[in-house]
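Enquirer: sequence first, predicted coordinates after that:
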Amino acid sequence: MDDVEALPVTRLAKLRAAPVEERWLIEGLWGHEAVGCLGGLPKQGKTWLGLEMAVAVASGKPCLGRFAVPSRGPVLLYCAEDQAHDVRARVAGISKARGIDFDKLAVGWIGVAALHLDDVGHRRRLTKTVAETKARLLVLDPLVRLHRGDENSAAEVSELLGFLRGLQREHHVAIVLVHHARKSGASEPGTSLRGSGDLHAWGDSNLYVVKRDGRPTVVVEHRAHRAPAAFGFKLDGDPARLVIDDSPAVEADPLDEKLVKALAKEPLTRMALRERLGVRNETLGLAIDRLIAAGRVVRCEGGLAVPVPASGDRRERNEPRGA
């Protein structure tokens, strides 16, 4: 073993602590240098949301008019399913609506007919492009057009995501990977992403565009940060841009209140809840999904629980363990 170099080890206390301005790329929505998926069904606004993020990071203006950008920087876009002139028109419109000088906006269009993340040559060109532009954000839309492998193969997807993680670490670039969800959906948005489960596990920050109360809604998920509450949005204005929809939601489903009341007594597994409430598994899954997105229910070691308020009476039996 004398000819083998040991791995570098540093005591945690000696590592540099990240300053506050390096916690977020977009406060609440996307972590600083985070990788992750922007997922959802087709035609639900994923590309629009990705472009809103690009304009915000490049300009330093709040994303969607609400989520602050601590430090702006160059952005790169590759949109495999959209024409360059269409993307230009969208970004120009967003810029005008947000009061941003489009001509000075540092959003770059990667102008190649195909970009395959499983091709060594394409990887080398993308890496050099990120390095030369010093991009702070790279938006790749959508994953299905960015490789020629099997998205259900854990080995193939893991290798592809490993390349993107390496790109992020070497060049300190945040990466948004737009991806489709399955039509059947799931009790949690992250598990509805098409293909290998590695896609969900890979993300430091993930955004999911889902339907809640009949309107498009963004569910936010972070590995290391507390996520904001889900919020509705709509395409509005002339020029068009996304706006947050704060209109009152439709009347709550009575099942939601029954579910919360049951969990207020003790954490329960999904199977136990289904038996206690006497509902179909699919119906229960939708209710759980709604309540998790609203922050009214959390997952814990015992299954599901009602979160304990930070300043409230912390009853041990309701403590969300491992949430």
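Expert: It's in.

Enquirer: for the nearest residue to residue 281 once chain neighbours are set aside, give its distance to residue 212.
Expert: Distance criterion Cβ to Cβ, 6 or more residues apart in numbering; nearest residue to residue 281, sequence neighbours excluded, is residue 274 at 6.1 Å. Placement of C-beta: from N, CA and C, glycine included. Using Cβ to Cβ, to the nearest Å, residue 274 is found at 22 Å from residue 212.

Enquirer: please apply the same query to residue 11.
Expert: 45 Å.

Enquirer: tell me which residues in stretch 30-42 are buried?
Expert: 30, 31, 32, 33, 34, 35, 36, 37, 38, 39, 40, 41 (16 or more other Cβ atoms under 10 Å).

Enquirer: what about the residue nearest to residue 281, neighbour count?
Expert: Residue 274 has 16 neighbouring residues, counting by other Cβ atoms under 10 Å.

Enquirer: which stretch of helix or strand covers it?
Expert: Counting by DSSP states H and E, the element that carries residue 274 is helix 270-277.

Enquirer: quick check: residue 181 touching residue 192?
Expert: Yes. Look at residue 181 against residue 192 with Cβ atoms under 8 Å: they come within range, at 4.4 Å.

Enquirer: which neighbours do these two have in common?
Expert: 39, 208 (Cβ atoms under 8 Å, 6 or more residues apart in numbering).

Enquirer: where along this protein do the helices fall?
Expert: In the chain, the segments counted as helices under DSSP state H are 46-59, 84-97, 120-133, 154-171, 198-202, 254-265, 270-277, 281-293.

Enquirer: quick one: the last one to chain centroid distance?
Expert: The chain centre lies 20 Å from the centre of helix 281-293; the measure is Cα atoms, centre = their mean, to the nearest Å.

Enquirer: same deal with the first one?
Expert: For helix 46-59, the gap between its own C-alpha mean and the chain's C-alpha mean amounts to 13 Å (Cα atoms, centre = their mean).

Enquirer: mean confidence for that helix?
Expert: The pLDDT scores in helix 46-59 average 98.

Enquirer: same check, this time on the longest one
Expert: Over the span of helix 154-171, the pLDDT mean works out to 97.

Enquirer: where are the low-confidence patches of the protein?
Expert: The model of the chain has pLDDT under 70 over residues 1, 20-21, 184-187, 248-252, 308-323.

Enquirer: residue closest to the middle of it?
Expert: residue 206 (1.8 Å; Cα atoms, centre = their mean).

Enquirer: with adjacent residues omitted, what lies nearest to residue 247?
Expert: residue 232 (7.4 Å).

Enquirer: burial measure for the one you found, as a count.
Expert: The number of residues near residue 232, taken as other Cβ under 10 Å, comes to 18.

Enquirer: for residue 297, what are its contacts?
Expert: When contacts are counted by Cβ under 8 Å, 6+ apart, residue 297 touches 259, 260, 263, 288, 291, 304, 305, 306, 307.

Enquirer: give the contact list for residue 144.
Expert: Applying Cβ under 8 Å, 6+ apart, the residues near residue 144 are 151, 179, 180, 194.

Enquirer: in JSON lines, list those along with distance to residue 121.
Expert: What follows is these, written out as JSON lines (distance: Cβ to Cβ, whole Å):
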{"residue": "151", "distance to residue 121": "21"}
{"residue": "179", "distance to residue 121": "23"}
{"residue": "180", "distance to residue 121": "26"}
{"residue": "194", "distance to residue 121": "26"}
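
Enquirer: out of those residues, who has the most neighbours?
Expert: Ranking the contacts of residue 144 using other Cβ under 10 Å puts residue 179 first, with 26 neighbours.

Enquirer: please identify which of the contacts of residue 297 is nearest to residue 107.
Expert: Set against residue 107, the nearest of those by Cβ to Cβ is residue 291 (37.4 Å).

Enquirer: just grab the bridge partners of residue 26 for me.
Expert: Legend: beta-bridge partners of residue 26 under DSSP bridges are residue 30.

Enquirer: how much space is there between it and residue 53?
Expert: 6 Å.

Enquirer: what touches both of those two?
Expert: What both residue 26 and residue 53 touch, as defined by Cβ under 8 Å, 6+ apart, is the set residue 63.

Enquirer: on that earlier part again, possible to save the contacts of residue 297 as JSON lines with distance to residue 133 and neighbour count?
Expert: Shown next, in JSON lines, are the contacts of residue 297 (distance: Cβ to Cβ, whole Å; neighbours: other Cβ atoms under 10 Å):
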{"residue": "259", "distance to residue 133": "48", "neighbour count": "25"}
{"residue": "260", "distance to residue 133": "48", "neighbour count": "16"}
{"residue": "263", "distance to residue 133": "49", "neighbour count": "25"}
{"residue": "288", "distance to residue 133": "43", "neighbour count": "21"}
{"residue": "291", "distance to residue 133": "42", "neighbour count": "22"}
{"residue": "304", "distance to residue 133": "45", "neighbour count": "22"}
{"residue": "305", "distance to residue 133": "46", "neighbour count": "22"}
{"residue": "306", "distance to residue 133": "47", "neighbour count": "21"}
{"residue": "307", "distance to residue 133": "42", "neighbour count": "16"}
